[in-house]
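1. next come a sequence and a model predicted from it.
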Amino acid sequence: MNKKIIINTLERIALFLELQGENPFKVSAFRKAAAALEADQRSLSEIDDITKIKGIGKGTAAVIDELMETGESSQLKELEEKTPKGLIPLMKLPGLGGKKLSKLYQELGIDSVDSLRTACENKEVQKLAGFGAKTEEKILKELEHFGERSERHPIWQLEMIVRDINDLLSSILEVKQFSVAGSFRRVNEMSKDLDFVISTESREIVKEKILKDLAVKEIVADGDTKVSVVLNIDDAINVDFRLVSPEEYVTTLNHFTGSKDHNVKMRQRAKEQDKKISEYGVEQPDGTVKTFNSEKAFYAHFDLPFIPPTLRESGQELERLEEIPHLVTIDDIVSDLHLHTTWSDGAHSIQEMGEALIDRDYTHAVITDHSQYLKVANGLTPERLLRQRQEIYAFNDENPEFRLYAGTEMDILPDGSLDFDDDVLKSLDFVIASIHSSFSQSQDKIMGRLYTAIQNPYVHMIAHPTGRIIGERNGYNPDVPILIEWAAEYGKILELNASPYRLDLCVEHLALAMEYNVPIAINTDAHAIEQLRYMKLGTEYAQKAWLKKDLVVNTWSRKDFETFIYKNK
DNA sequence: GCCGTTTTCGGCCCGACTGTTTTCAGTCG
C-alpha cells in the first residue's frame, strides 16, 4: 500500500463528510490525520505504531489499517454510495459549503449543476430555511460562468499585475505602508487570487482611489476593512485589499500572508503562552493587545527567529528553525551565470549588461548567448563567439574590480549531439548546455541527449533542466532524479532558472538535488536589464526548497568559482 | 474524530462579511 493512496483516502473521506454537513471538527480531524501522515518523513513500513503520530487516533488508524489489509476503505465506500459525486464540483461555487449543499441535497434532491440551476430557476431554493432570494440569485449568477474562470493563475501573470498595483498604491499619499500578501508573497507557482495589506488612517479615501484607478469589473465585497474586486482583464483575477491602521499593519500582513497551516501553528503556540493572535495584534494574558513594528519583532515576541514568508507553508517550518540562517538569500548572491546580450536575442549590449551587473554589486558574471543552432535567436557561430570574447575582455580591462566571463548557452541538438566541438568549448570560461527543441521525443531520447552533455568534460551546467513553463507546458519530461544522480557523479551544476515563467528546477527537485550535494546556480537568464530583478524571485523560490547558501554557485567568491570552472583545463 | 503534566469532557485559530435573521449561522481566508 502506497502512502499517497492513504493520504488521498483520508482527504476524500473528509470531503464527503463535509458534503454531508458533518461537524467541521470531525472533518478537519481527517484532514489533519492526512497532513500528519504526509509530514512524517518515514515510509509506511518504518512506522510501527501509527497512532503514536499526533493527529492520528483510533478512528483514522482503523481506516489506515483497513486500507493496508484490504486496499479499500469501507467508510469511504459507504460515504460514496450515500453522496452523489455531482455535489463535489458544487463545493467550488462561492457561497456554498458543506452545510448548504447538504441541505440542498437532502431537501430538494440537488445532485448536479443542472439540477441546482433548475431548482433556482423554479424559485425552490429561496423557500429553504437559511436561504433567500438573494442567495438564489447569486447562485444563478455564479452558475452562468461556472468553470470558465480559471482556478489558479501562474506567478508570471500575477507578477505583472502586482507591479501595476504596487505603482498605484505608491502613488496614493494616504497610504503609509503596503505589501502584497497571500500565496504570492510566499512565492507559490500558482495563486487563486491576490491579497494586499494597506496601512492608512484614511480608509475611505484610499478605498475610493483604488476603486477609481483600478480596472474593476465587479466589486465582490465592500466592508470596513476589506474591499474585494474582480479585475477587468482577459483572465478575471480576484484582488482583496485589507485596509488597517498603521499599528495593526504588521499583524494583519502576517495574518494574510499565511499560510493557513502556519497561522494555525502560530496561534497554537500563542495559546500555550495564554496569548491570542489575530490580525489586529497579540492579546496578552492581561487582556491588553500588543502590536509590532516589524514581522521580525512579531516572531521575536514568541521567541522565534524571523521566518521568511517563503517558508511559511506546512507548519513544519517551526521545527526546522536552526536551518534558517543557512538558507540562501538575495544578499548572498554575487553573480549571475546565465545572461543574453544583443549578440544573440538579448536587448542590451555587453557594455550595458556589464554596467547593470556592477550596479547590483555583483563581483562577476557570465555572458552566455545562444549557439549557432538557434537561428531564430541569432545564435553565435564559433567565429562570432571569438569576436564576442574580445569585447568581453575589453570590458574587463576597463572594469578591473569586476569580471565578466566568456560563456555560451549551447544547444543540445535533437540528434543528441552538441552544437559546438570540444575545441570550441575548451576555449570558453563557462559552458551551459540546454535543450530548446524536439520536446516531444521519448524520455529515453531526451535522457540520452542530457547524458551526452553531462558527460562532456567542458560542460559546466545544465540550464532549465525540464523546459517547463509554469501553467503552460510541462517541458520535455526528463527523469530528473536520474539527472540529479548523473550531475552528482560528473560534478555538474544544475540550474534554478529564476524567470517567473520557468522556476526550473522545481522545489521538490531542488530538495532532492540538495540531498545529493549537487551545486545549484540561480540564474535570471536575463534577455534585458530589467529581468536581472528575477534574481530575488529565484532566491526566494530556492528558500522553499530549504536550499543552503553553500550549495548555491552564485554565492561563491570569484576565486572559488574559477577553481570550479577551470578544474578540467 | 483527536487530544490532555491545570483536562477523559469540552474544547478544537480567529475574525469579517453576507444574508438571513431579530441574535445568528454559514462561508471564507
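-> Cool, got the structure.
2. which ones are touching A:Trp343?
-> A:Ile350, A:Ile367, A:Asp369, A:Asn378, A:Leu380, A:Arg384, A:Gln388 (C-beta atoms under 8 Å, 6 or more residues apart in numbering). For the C-beta atoms, the positions are set from N, CA and C on the backbone; glycine is no exception.
3. do you know the pLDDT at the last one?
-> It refers to A:Gln388. At A:Gln388, the model reports a pLDDT of 96.
4. now do the closest residue to it other than its chain neighbours against DNA strand B, distance only.
-> The shortest distance from A:Gln388 to any non-neighbouring residue, by C-beta to C-beta, 6 or more residues apart in numbering, is to A:Trp343 (5.2 Å). A:Trp343 is 46 Å from DNA strand B, where distance means C-beta to the nearest atom of the strand, to the nearest Å.
5. and the residue in the stretch 351-500 of chain A positioned nearest to DNA strand B, what pLDDT?
-> Nearest residue of the stretch 351-500 of chain A to DNA strand B, counting by C-beta to the nearest atom of the strand: A:Gly471, 19.1 Å away. On pLDDT, A:Gly471 comes in at 85.
6. my guess is it meets A:Pro154, correct?
-> Yes: with contact defined as C-beta atoms under 8 Å, A:Gly471 reaches A:Pro154; the gap is 3.5 Å.
7. which one of those two has more residues nearby?
-> A:Pro154 (19 against 15; other C-beta atoms under 10 Å).
8. can you tell me which residues contact the more buried one?
-> Contacts of A:Pro154 by C-beta under 8 Å, 6+ apart are A:Glu189, A:Met190, A:Ile470, A:Gly471, A:Glu472, A:Pro500, A:Tyr501.
9. doesn't A:Glu81 belong to a helix?
-> Yes: counting by DSSP: H, G, I helix; E, B strand; the rest coil, A:Glu81 falls inside a helix.
10. that one and DNA strand B, how far apart?
-> 17 Å.
11. any idea of the pLDDT on that residue?
-> Value for A:Glu81, per-residue pLDDT: 88.
12. that one: neighbour count?
-> 8.
13. what's the answer for A:Asn2, then?
-> 10.
14. can you pull the pLDDT of it?
-> pLDDT at A:Asn2 comes out at 79.
15. sorry, back to before: buried among the contacts of A:Trp343? Need that as a selection in ChimeraX.
-> Remark: buried members of those, expressed as a ChimeraX selection using 16 or more other C-beta atoms under 10 Å:
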select /A:350,367,369,378,380,388
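16. just the contacts of A:Trp343: which are in strands?
-> Among the contacts of A:Trp343, DSSP state E puts A:Ile367, A:Asp369 in strands.
17. return the subset of the contacts of A:Trp343 lying in helices.
-> A:Ile350, A:Arg384, A:Gln388 (DSSP state H).
18. ok but the residue of the stretch 351-500 of chain A closest to DNA strand B is inside a strand, no?
-> No: with three-state DSSP as the criterion, A:Gly471 is coil rather than part of a strand.
19. for stretch A:553-562, what is the average pLDDT?
-> Stretch A:553-562 comes out at a mean pLDDT of 97.
20. how many residues are close by A:Tyr541?
-> Residues near A:Tyr541, counting by other C-beta under 10 Å: 26.
21. tell me the helix or strand right after whatever helix or strand it lives in.
-> Per DSSP states H and E: A:Tyr541 is located in helix A:534-544. On the C-terminal side of helix A:534-544, the closest following helix or strand by DSSP H and E is helix A:558-565.
22. for that following helix, packing partners?
-> Packed against helix A:558-565 by the contact rule (3 or more C-beta pairs under 8 Å, 6 or more residues apart in numbering; DSSP states H and E) you find no helix or strand.
23. how about the ones in helices among the contacts of A:Trp343 in JSON lines, adding distance to DNA strand B?
-> Shown next, in JSON lines, are the ones in helices among the contacts of A:Trp343 (distance: C-beta to the nearest atom of the strand, whole Å):
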{"residue": "A:Ile350", "distance to DNA strand B": "46"}
{"residue": "A:Arg384", "distance to DNA strand B": "52"}
{"residue": "A:Gln388", "distance to DNA strand B": "50"}
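24. shared neighbours of A:Gly471 and A:Pro154, anything?
-> A:Glu189, A:Met190.
25. next, give phi and psi for A:His251.
-> Quick fix: residue A:251 reads Thr, not His. The phi/psi pair for A:Thr251 (degrees, to the nearest 10) reads phi -70, psi -30.
26. could you do A:Thr200 as well?
-> phi -160, psi 160.
27. got the confidence number for it?
-> So, for A:Thr200, pLDDT stands at 92.
28. before we move on, what about A:Gly147?
-> 67.
29. so who does A:Ala365 touch?
-> Here A:Ala365 is in contact with A:Ser335, A:Asp336, A:Leu337, A:Leu339, A:Met353, A:Gly354, A:Leu357, A:Arg403, A:Leu404, A:Tyr405 (C-beta under 8 Å, 6+ apart).
30. any idea how far the nearest residue to the second one once chain neighbours are set aside lies from A:Glu562?
-> To tie it back to what came earlier, the one meant is A:Asp336. Once flanking residues are discounted, A:Asp336 sits nearest to A:Ala365: 4.8 Å by C-beta to C-beta, 6+ apart. Using C-beta to C-beta, to the nearest Å, A:Ala365 is found at 13 Å from A:Glu562.
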